[in-house]
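# This is a predicted model, with the sequence first.
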Amino acid sequence: MSVTDIGLMVIIALALLFAIYDEFIVDYFLKGKTRLKIGLHRLNRVDALIFIGLVCILIYQNITSNGTVFTTTLLLVLVLMACYLAYIRRPKIIFKADGFFYANFFIKYDRIKNMNLSEDGFLVIGLEKRRLLIKVKQLDDLETIYNFFLTNN
């Protein structure tokens with residue numbers, strides 16, 4: 001087993017752990033019961049496609065240069081994980097009792113200084129030092145978030 005194979009296994013394991021964390025642990029086990037879950041607009045699809053294309057070039061190069069089957073298999077699994085993370089998995093904002101998870105960070109409700117709605121359909125949440133731009137998948141979800149904040153805070 002080469003250093004490349006070990007590196008690929010570590011990357012695949014980290015991607016798998018992230019997928020499990022994002023789908024199950026955040027939703028069911030962290031910071032209490034989920035009160036509201038809203039799907040968000042996907043970003044960086046082209047970046048993922050470029051990454052998948054580069055890994056496919058590595059697969060082709062490994063096959064033509066008589067590389068090991070194990071390395072080729074690991075590269076194929078990496079392509080599958082990249083496809084799952086970029087195209088199948090749905091980004092979401094998860095509201096809990098004390099705060100919400102956005103981009104894998106937990107933000108407490110008391111950190112929110114102001115909230116606005118932009119003309120482009122972004123929900124802008126102002127924190128102490130920065131702003132969060134949240135682009136929901138459906139514009140009706142903005143009203144759901146607004147009603148959630150009215151009834152729970």
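Cool, the structure landed.
# Which residue ranges make up each domain of this protein?
3-30+43-89, 93-152 (automatic domain parsing).
# Of those, which is nearest K37?
K37 sits nearest to domain 93-152 of all the domains of the chain, at 5.2 Å, using Cβ to Cβ. All C-beta atoms are positioned from the backbone trio N, CA, C, and that covers glycine.
# check contacts around M115.
Residues in contact with M115, defined by Cβ atoms under 8 Å, 6 or more residues apart in numbering, are L123, V124, I125, G126, F149.
# In helices, which of these fall?
F149 (DSSP state H).
# who wins for most neighbours among the contacts of M115?
I125 (22 neighbours; other Cβ atoms under 10 Å).
# Thought L132 was touching it, still the case?
Yes - using Cβ atoms under 8 Å, I125 is in contact with L132, at 4.4 Å.
# Between those two, which contacts overlap?
I107.
# what about L75, neighbour count?
23.
# what's the answer for V26, then?
V26: 19 neighbours (other Cβ under 10 Å).
# My reading is that it lies in a helix. Confirm?
Yes - with DSSP: H, G, I helix; E, B strand; the rest coil as the criterion, V26 is part of a helix.
# returning to what we had before: weakest of the domains of the chain in terms of mean pLDDT?
Sorting those by mean pLDDT places domain 93-152 lowest, at a mean of 83.
# Now do it: distance from first to last residue.
16 Å (Cα to Cα, to the nearest Å).
# Could you do stretch 120-136 as well?
Using Cα to Cα, first and last residues of stretch 120-136 are 11 Å apart.
# in that stretch, what's buried?
F122, L123, I125, L132, I134, V136 (16 or more other Cβ atoms under 10 Å).
# Which single one of those residues is nearest to I94?
I134 (12.1 Å).
# Determine the three-state secondary structure at the closest one.
Classified using three-state DSSP, I134 is strand.
# Would you confirm that it contacts Y102?
Yes - contact criterion Cβ under 8 Å: I134 and Y102 qualify, at 6.7 Å.
# now the strands for this protein?
36-39, 92-95, 99-102, 105-108, 114-117, 122-126, 131-135 (DSSP state E).
# All good on my end, thank you.
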